[in-house]
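Visitor: here is the input, now give the coordinates:
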Amino acid sequence: CIAFDVSELKALPELVQKASQPFGAPDILVNAAGLNPRKPWNELTPEIWEYTLRLNLSAPFFLAQALVPEMMRQGGGGMVKNRSRNMVQSSRAFPNGLPYGASKGGIAQLTRGMAEAWSRPGAGITANAIAPGFFKTQLTAPLFDKPEVVEALARQTTMKRVGFAEDIQGL
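Guide: Numbers count the residues shown, from 1 in each chain. The predicted structure is shown next:
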């Protein structure tokens with residue numbers, strides 16, 4: 001286990017080096033770090049906006065960029081991006097989630113671009129994004145203190161319920 005702040009973009013090559021020491025270069029990358037400040041538009045500062053996009057969108061790109069050359073030398077690899085746990089904000093807007101939604105929409109397009117760039121014959125790197133919907137996570141836990149909010153979010157889903165870990169087992 002390596003504890004690392006992936007929002008420190010210039011330090012990501014160091015993370016790749018540390019992660020490669022025990023078993024060799026990683027052949028899979030799962031981007032799951034994220035931040036949702038949940039603030040109205042008039043309370044967003046440039047610092048909040050920039051940090052949210054750096055952590056949610058820039059870090060996945062630059063970490064992948066650092067890993068891809070070795071994945072290609074090894075004959076392939078895989079990347080999984082989390083588009084959004086919180087009601088698929090990559091495609092559905094929330095008024096108090098502007099930077100989060102923008103970053104997760106960016107992840108959707110970034111993943112498409114990565115798939116185009118790196119899945120060609122000879123590169124062998126898959127790039128996928130999952131958008132499992134609303135789950136209880138560290139990021140969403142405060143909302144679970146408000147049953148009416150959770151019920152409203154559940155009503156907006158096809159299955160009329162929040163997600164559970166077993167719903168995405170295997171992904």
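
Visitor: what helix or strand does the residue of the chain most remote from its centre sit in?
Guide: Centroid-distance maximum for the chain: residue 148 at 26.7 Å, with CA atoms, centre = their mean. Secondary structure from DSSP states H and E places residue 148 in helix 147-155.

Visitor: for that helix, what is the average pLDDT?
Guide: What helix 147-155 shows for mean pLDDT is 89.

Visitor: same question, stretch 75-94
Guide: When pLDDT is averaged over stretch 75-94, the result is 70.

Visitor: now do the end-to-end distance for it.
Guide: End-to-end distance for stretch 75-94, by CA to CA, to the nearest Å: 41 Å.

Visitor: how about stretch 1-21?
Guide: 12 Å.

Visitor: hang on, the earlier thing: measure the residue farthest from the centre of the chain to residue 70 for me?
Guide: According to CB to CB, to the nearest Å, residue 148 stands 49 Å off from residue 70. C-beta: built from backbone N, CA, C; applies to glycine.

Visitor: dump the residue contacts of the residue most central in space within the chain.
Guide: Geometric centre of the chain, nearest residue: residue 82, 3.6 Å, by CA atoms, centre = their mean. By CB atoms under 8 Å, 6 or more residues apart in numbering, residue 82 lies in contact with 30-32, 34, 107, 129-132.
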